[in-house]
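>>> Next one to model:
(chains A and B)
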Amino acid sequence: MSSVTGRNKTPVKTAQSTATVADPARRRLLTAGLAAGAGAALSGLAARPAAAAGGDPLITQVQDWNRYLGDGVDAKPYGTPSQFEAEVVRRDVPWLTADPVSSVNFTPLHELDGIITPNGLCFERHHGGTAEISPADHRLMIEGLVDKPLIFTMEDIKRFPRENRVYFLECAANSGMEWRGAQLNGCQFTHGMVHCVVYTGVPLRTLLEEAGVKSNSKWLLAEGADASAMTRSIPMEKALDDCMVAFKMNGEALRPEQGYPLRLVVPGWEGNMWVKWLRRLEVGDEPWHHREETSKYTDLLANGKARRFTWVMDVKSVITSPSPQAPVTHGRGPLVISGLAWSGNGTIKRVDVSTDGGRNWKTARIDGPSLSKALHRFYLDIDWDGSEMLLQSRAIDEHGYVQPTKDALRLARGENSIYHNNGIQTWYVQANGTVENVEVS
Amino acid sequence: MSKFLKLATAASLALMIPVASAAAEGDAGEGEKVFKKCAACHAVGEGAKHKVGPELNALIGRPAGTVDGFKYSKAMVEAGEGGVVWSEETLHDYLEKPRDYIKGNRMSFAGLKKEDERADVIAYLKTFSAGAQPAAAAPAEAAPAQQAAVVAAPADAKNAPLPDHGVFHLGREATPEEIAAWNIDVRPDGTGLPEGRGTVAEGETIFAEQCAVCHGDFGEGRDRWPVLAGGQDTLKADRPVKTIGSYWPYLSTVYDYVRRAMPFGDARSLSDDDVYAITAYLLYLNDIVTDEDFELSKENFTSVRLPNEENFFMDDREEEAHYAAKTEPCMTDCKPGPVKITKRAAVLDVTPDADNEDQGVGAVD
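So this is what the prediction gives:
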């Protein structure tokens, strides 16, 4: 099975490399060694750390952290993760875009658990860099087909009744690089343009009602204050349904890269519509057909025609561990298969997992809250016999939509859609625990 | 923004306090922001090195074209030999239109048309020249004063007047000037188009100065910057080229987008006429107009249609076979025999790493 090329330079961790191999050169050596040595590379895998003669020195000898005092309470007024978690960071794919100012990076899904994404790990996508705006200088304007055009300061917005909601945000182009086949080795890169946080904000409906929406209004234009002045047209029905104007995420102020001080929340719909640095809402009777809803974020089909206004993010799931960046390091025995599922239509009803490439399925266990339009965490706890696996997950949402295979999507749409690829992902787990992104028959 | 203006807004004063002649002096803090336009090519500050252009430390008082280790154009060296020394005055003139001030010099930047932007950026650069005064004083002063104003505002909460609009009586009415300043959006039916006009030929000149550095002289796109022209009849091909001519449904989108977001990194710097001219030139590059004298204006704008308009349709994903059925999915023996691997990411190996420069296909935008 080893057609792996000799120049293995991916961040794929091997079974032998422990989670904290920081030196890339050493990591490459390990990976290359694996590719060359292939089958016999089981040494150190199945072997559990045997107690050295007289016992584990980490236990039998007094350790520094057990003897010397640690930092006091004010060492880090704003806490940061442990130094041993330094690899848990967003990463980008430089060849995807022309310039880092208009680009994207990816959430390290393979390192996370539960359903909430930490603020500093939420993927970033901006079109004109991160705007730095003082809340004192920020204004939100509501105008157009309203009884009275209004200007709100941040102070004004924080005087409206607010609510807390957990929602996923997925970029429409998430998995967009995989339309032509398996390309990127890591669920951070194949699926990392998604995050899920709890937002605090004001229902958009409340703000619109304050200005008084006229009866002929059908569309809303949301605009950002950044250097791209991002705009999207949103149907009024959605605006009055569950949209929010949020100023906090996971309890603290929005991060600058997530639109500080104010962003739009458009639950279940593509991330591009969640306008950051939100400064203007215009009520109108027709859509505006701006760049991000014509030239971009339209889905070109094989017949040369293109879908527009493909807002909803379809039912989708992915196994986050094991995955290429999170190999199996422990040999046969108990193995936790863990993943995420979500749907822009509502809650996830069920997730099935296959270990044989989709021939047979077992229903996974969803653990933690099951909230509408939020990430769901699923687990399948198996007794791994150490043989190869082709792992897949398949989500079904509360409306009965079933996550399709990638081939079914290609059959319907061709390979040039870029956006809305929610096909079933396959991870090839080798006997030595290494995991690779593949597609199957 | 000057500190006076900040104070004014913080205190919710309706009246504008006349701003002192801050522009003439230049605000180094503002200049730091303006300098972002220059930073693609110039570095300044501790450890600054030459980039596309020379580093700009100790600029004031230096004869033109004389920094060690930078290869200047002949024109710039000759200007220095001819007596041009960088001072506030010479920089002020040079930065307005660099190519006119020293003809034949290599700096491709079109210039800073706004006088106060030039003053600000010069003030900023002065802080890196010998004998300069520390620049940070002004903004630091403003902050506490502003806070004090905010705290002091609701002195008489009981008798503060409430606006009569809405349910919560929050916010204030927007002025027509404010709406006009932000509402610059244009729709396919022409709503929002400003007065103005521009020809293909005018557009070509502006495009060469402002756009070609990323998009190429003919809209062919440099590196991975967007291709703007060509690509007709490629939408069914393996690698479609989606341009204004081949893909975009409405011309209004071009006008709207260029006006709000281009040039990249210097948004809102083009005049409405400039945008008409650039839009006309883009039509010309896409063979939608063929006459170099063609003039695009508010009046004739909606008469121009883009060829791909009819090929867009509303989202109908629900009708795709895999969704329409909504059937209970198969759980056992769903495929005839053992499953085979058909595609492998490791073969392609485009996953980013410190030294993997291989590139894959696809784009996120």
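
>>> can you pull the buried residues of stretch A:190-199?
A:190-199 (16 or more other Cβ atoms under 10 Å in any protein chain shown). Yep, even glycine has a C-beta here, placed from its N, CA and C like the rest.

>>> Quick check: strands, which of those are part of them?
Those of these mapping onto strands are A:194-199, per DSSP state E.

>>> Please report how far the one residue in chain A that gets nearest to chain B lies from residue A:266.
With Cβ to the nearest Cβ as the measure, residue A:357 is the residue of chain A nearest to chain B, at 3.1 Å. Residue A:357 sits 36 Å away from residue A:266, going by Cβ to Cβ, to the nearest Å.

>>> So between the two, which is more surrounded?
Neighbours per residue (other Cβ atoms under 10 Å in any protein chain shown) separate residue A:357 from residue A:266, with residue A:266 holding more: 27 against 23.

>>> how about the nearest residue to that one, chain neighbours excluded?
Sequence neighbours aside, residue A:273 is the residue nearest to residue A:266 in space, at 4.6 Å (criterion: Cβ to Cβ, 6 or more residues apart in numbering or on different chains).

>>> do residue A:100 as well
That would be residue A:92: by Cβ to Cβ, 6+ apart, it lies 7.2 Å from residue A:100.

>>> Look at the residue lying farthest from the centre of chain A and give its secondary structure.
No residue in chain A sits farther from the centre than residue A:54, which is 46.1 Å out by Cα atoms, centre = their mean. Three-state call for residue A:54 (DSSP: H, G, I helix; E, B strand; the rest coil): coil.

>>> who are the neighbours in contact with it?
residue A:60 (Cβ atoms under 8 Å, 6 or more residues apart in numbering or on different chains).

>>> Now do it, the pLDDT please.
At residue A:54, the model reports a pLDDT of 89.

>>> quick one: it from residue A:64, how far?
Distance from residue A:54 to residue A:64, by Cβ to Cβ: 20 Å.

>>> quick one, what contacts the residue of chain A closest to chain B?
A:390, A:392, A:426, A:440-441, B:335, B:339.

>>> out of these, who's nearest residue B:42?
residue A:426 (49.2 Å; Cβ to Cβ).

>>> backbone phi and psi for the closest one, please?
Note on residue A:426: its backbone torsions stand at phi -120, psi 130 [degrees, to the nearest 10].

>>> Repeat that for residue A:395.
Residue A:395 adopts backbone torsions of phi -100, psi 150, taken as degrees, to the nearest 10.

>>> Also residue A:392?
Per degrees, to the nearest 10, the backbone of residue A:392 is at phi -140, psi 150.

>>> repeat for residue A:135
phi -60, psi -30.

>>> now it: how far from residue A:259?
In terms of Cβ to Cβ, residue A:135 sits 12 Å off from residue A:259.

>>> For chain A, what is the nearest residue in chain B?
Closest point on chain B to chain A, by Cβ to the nearest Cβ, is residue B:339, at 3.1 Å.

>>> Return the residues in contact with the closest residue to residue B:245 other than its chain neighbours.
Nearest residue to residue B:245 in three dimensions, chain neighbours excluded: residue B:286, at 2.9 Å (Cβ to Cβ, 6+ apart). For residue B:286, the contact set (Cβ under 8 Å, 6+ apart) comprises B:219, B:228-230, B:232, B:243-246.
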